[in-house]
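In: no sequence for this one, just the structure:
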């Protein structure tokens, strides 16, 4: 009977340690700059006239500057070879706070 109790205790402890590790990994990410509060609503921008054929509008976004958010206006870019569209960046939230996830070409 004592062996069964010891085995049950060991399995429970192993499960708890495994779950604890999972929750701990959901915390702040190393090297990521966190904002203390959510970003404001995006600023409405009218895209300027394209500088040429093939340019794609990259929308602006709020940047965290240590104490507050500052708007960084949109711009046109030429996609790299093999890329056709731009997936905009966005603000994400986890236990560390709010952080910016850069956009990328696809």
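Out: Arrived safely, thanks for sending. Here the structure is a predicted model, which is why all the values come from computation and not from measurement. Numbering: from 1, shown residues only.
In: by mean pLDDT, flag the weakest helix or strand of the chain.
Out: Lowest by mean pLDDT, DSSP states H and E among the helices and strands of the chain is helix 2-24, with a mean of 40.
In: which residues are contacting the next helix-or-strand element following that one?
Out: Scanning forward in sequence from helix 2-24 by DSSP states H and E, the next helix or strand is strand 56-58. In this structure, residues lying in contact with strand 56-58 by CB atoms under 8 Å, 6 or more residues apart in numbering are 47, 50, 74, 75, 76, 77, 78, 79, 85, 86, 88, 103. Using the backbone N, CA and C atoms, a C-beta is placed for each residue, glycine as well.
In: for stretch 91-106, same thing?
Out: Stretch 91-106 is touched from outside by 26-29, 32-39, 58, 61-64, 79-80, 83-90, with contacts defined as CB under 8 Å, 6+ apart.
In: give the burial count for the residue lying closest to residue 77 once chain neighbours are set aside, as a bare number.
Out: Spatial nearest neighbour of residue 77, chain neighbours left out: residue 58 (5.4 Å); criterion: CB to CB, 6 or more residues apart in numbering. Neighbours of residue 58 under the rule other CB atoms under 10 Å: 17.
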